[in-house]
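Asks: 3D, please:
(one chain, ligands or ions: 1)
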Amino acid sequence: MLTKNRIKSVQHESNVCADIEGFDFNSYSSDDIAIVRQLWLQHGVIRFRDANISDAQQVDFSRHFGEFVIHPKQLQEGGHPTHPEILVISNAMKGGKPSGAMGNSEATWHTDTWFYERPPAGAILRAVQVPASGGDTYFLSTYRAYDTLPGHLRESVTGRQIFFQNVYDKTGKLRLGKAEPKSEDFREWQGIVHPLVRTHGETGRKALYLGGTSEGAWIVGMPLDESDDLLAQLWKHTTGTHEVFVQKWDAGDIMMWDNRCTMHRRDSFDPNSIRIMHRTTTAGERPV
Ligand code: SIN
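Replies: Have a look, this model is predicted:
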């Protein structure tokens with residue numbers, strides 16, 4: 001599709017990502033930002049190849065898409081030395097300590113900080129240094145996941161809410177500021193309840209909302225074994241799709257995703273190579 005001015009988007013076959021061409025990070029107008037915003041809402045994920053911008057330019061650009069959200073990892077190993085808005089994702093060691101979050105590990109399918117009351121609306125991820133292979137990032141559409149649900153699953157999710165415990169992270173580590181729970185039943189732990197099908201605040205489209213893991217998740221009011229079974233089917237349906245966009249990074253690339261209607265994951269990579277990414281995150285609404 002060609003837009004009215006020089007900014008052009010080229011959609012990928014996966015239906016979840018488009019390349020944006022012709023956007024000048026050194027000089028852009030509010031109309032240019034409005035076009036990018038419209039393309040981001042339309043495609044769910046957009047990519048700027050070879051953008052090669054600075055940290056300050058990334059922060060300035062991100063500011064147009066909402067208030068910044070401080071990711072919990074920014075308060076731990078992922079803080080940026082001079083730009084508090086940036087989360088550093090890196091396996092490089094500095095002074096005997098990791099210089100960023102996540103190391104070289106795999107990240108399984110998730111939507112960002114699903115365990116918050118108001119998960120972020122967007123993320124902008126820029127490759128600073130990448131390995132020759134590995135560390136690819138994958139994206140899928142949760143609109144598609146909802147739209148293609150078979151009838152019986154659509155019926156099972158309609159009007160349902162999902163509880164996510166937010167005491168432990170996916171690796172079993174206590175989250176920042178949380179204490180060991182007393183009960184053995186995670187449904188009695190601290191957590192957050194979101195609709196299992198959320199309606200996007202800007203597009204009005206419905207998307208399946210599975211968060212980041214079926215462990216420690218419960219479809220409210222459903223016997224636990226039934227909830228586990230339904231969640232397993234929903235995860236299989238959502239992540240088993242071929243409609244996945246795979247980003248093979250070059251340094252300078254930027255991916256920008258809408259966290260309200262997509263999920264992503266990343267591959268691990270050789271720990272002897274270096275991968276450094278800088279990410280900004282913008283605020284979202286409480287899912288409804
Ligand atoms: C993330 O989950 O935000 C990290 C993605 C990546 O490092 O590619």
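Asks: got a list of what residue 157 touches?
Replies: For residue 157, the contact set (CB atoms under 8 Å, 6 or more residues apart in numbering) comprises 149, 196-197, 208, 230, 234. C-beta here means a position set from N, CA and C on the backbone, and glycine is covered the same way.
Asks: any chance of CSV for those, columns distance to residue 52 and secondary structure?
Replies: Listed next are these as CSV, based on distance: CB to CB, whole Å; DSSP: H, G, I helix; E, B strand; the rest coil:
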residue, distance to residue 52, secondary structure
149, 41, coil
196, 40, coil
197, 39, strand
208, 36, strand
230, 45, helix
234, 39, helix
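Asks: farthest-apart pair in those, please.
Replies: Within these, 197 and 230 form the most distant pair, 12.8 Å apart (CB to CB).
Asks: who has more neighbours out of these two?
Replies: The neighbour count for residue 197 versus residue 230, taken as other CB atoms under 10 Å, is higher for residue 197 (21 against 18).
Asks: wait, doesn't the more buried one sit right on residue 206?
Replies: Yes. Using CB atoms under 8 Å, residue 197 is in contact with residue 206, at 5.3 Å.
Asks: list the residues that contact both of the two?
Replies: Contact criterion CB under 8 Å, 6+ apart; residues shared by residue 197 and residue 206: residue 146.
Asks: the stretch 1-150 of the chain: strands as residue ranges?
Replies: With DSSP state E, counting those that start in this stretch as the criterion, the stretch 1-150 of the chain has strands at 8-11, 18-21, 45-48, 87-90, 93-94, 97-98, 101-102, 107-110, 122-129, 137-141.
Asks: so for the ligand, which of the ones you listed sits nearest?
Replies: Across those, the ligand has its closest neighbour in strand 137-141 (3.7 Å, CB to the nearest ligand atom).
Asks: what about the closest one, distance to the chain center?
Replies: How far strand 137-141 lies from its chain's middle: 9 Å, per CA atoms, centre = their mean, to the nearest Å.
Asks: pairing partners for that strand, with directions?
Replies: Looking at strand 137-141 with DSSP bridges, its partner strands are strand 245-247 (antiparallel), strand 262-266 (antiparallel).
Asks: dump those strands to a markdown table, plus distance to the ligand and mean pLDDT.
Replies: Formatted as a markdown table, the strands paired with strand 137-141 follow (distance: least, CB to the nearest ligand atom, whole Å; pLDDT from 0 to 100):
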| stretch | distance to the ligand | mean pLDDT |
| --- | --- | --- |
| strand 245-247 | 8 | 97 |
| strand 262-266 | 4 | 98 |
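Asks: which stretches of the stretch 1-150 of the chain have low pLDDT?
Replies: When residues are selected by pLDDT under 70, those of the stretch 1-150 of the chain lie in 1-5.
Asks: who in it is up against the ligand?
Replies: By CB under 6 Å from any ligand atom, the part of the stretch 1-150 of the chain that sits against the ligand consists of 89, 107, 125, 137.
Asks: the residue lying closest to the second one once chain neighbours are set aside and residue 60, how far apart?
Replies: Right, the one you point to is residue 107. Closest residue in space to residue 107, ignoring its immediate chain neighbours: residue 266 at 4.6 Å, by CB to CB, 6 or more residues apart in numbering. According to CB to CB, to the nearest Å, residue 266 and residue 60 sit 26 Å apart.
Asks: which of these two has more neighbours?
Replies: Neighbour count, other CB under 10 Å: between residue 266 and residue 60, residue 266 has more, with 23 against 14.
Asks: please tell me I have it right and the more buried one contacts residue 106.
Replies: Yes. In this structure, residue 266 is within contact of residue 106 by CB under 8 Å, at 6.8 Å.
Asks: residue contacts, residue 265?
Replies: 106-110, 137-138.
Asks: ok, of these, which come out buried?
Replies: 107, 109-110, 137-138 (16 or more other CB atoms under 10 Å).
Asks: how about the helices in this protein?
Replies: Assigned by DSSP state H, the helices in the chain fall at 30-43, 55-62, 142-147, 151-157, 224-239.
Asks: burial measure for the nearest residue to residue 216 once chain neighbours are set aside, as a count.
Replies: Once flanking residues are discounted, residue 216 sits nearest to residue 165: 4.0 Å by CB to CB, 6+ apart. Residues lying near residue 165 (other CB under 10 Å) number 22.
Asks: ok, now the one 3 residues further on?
Replies: Residues lying near residue 168 (other CB under 10 Å) number 18.
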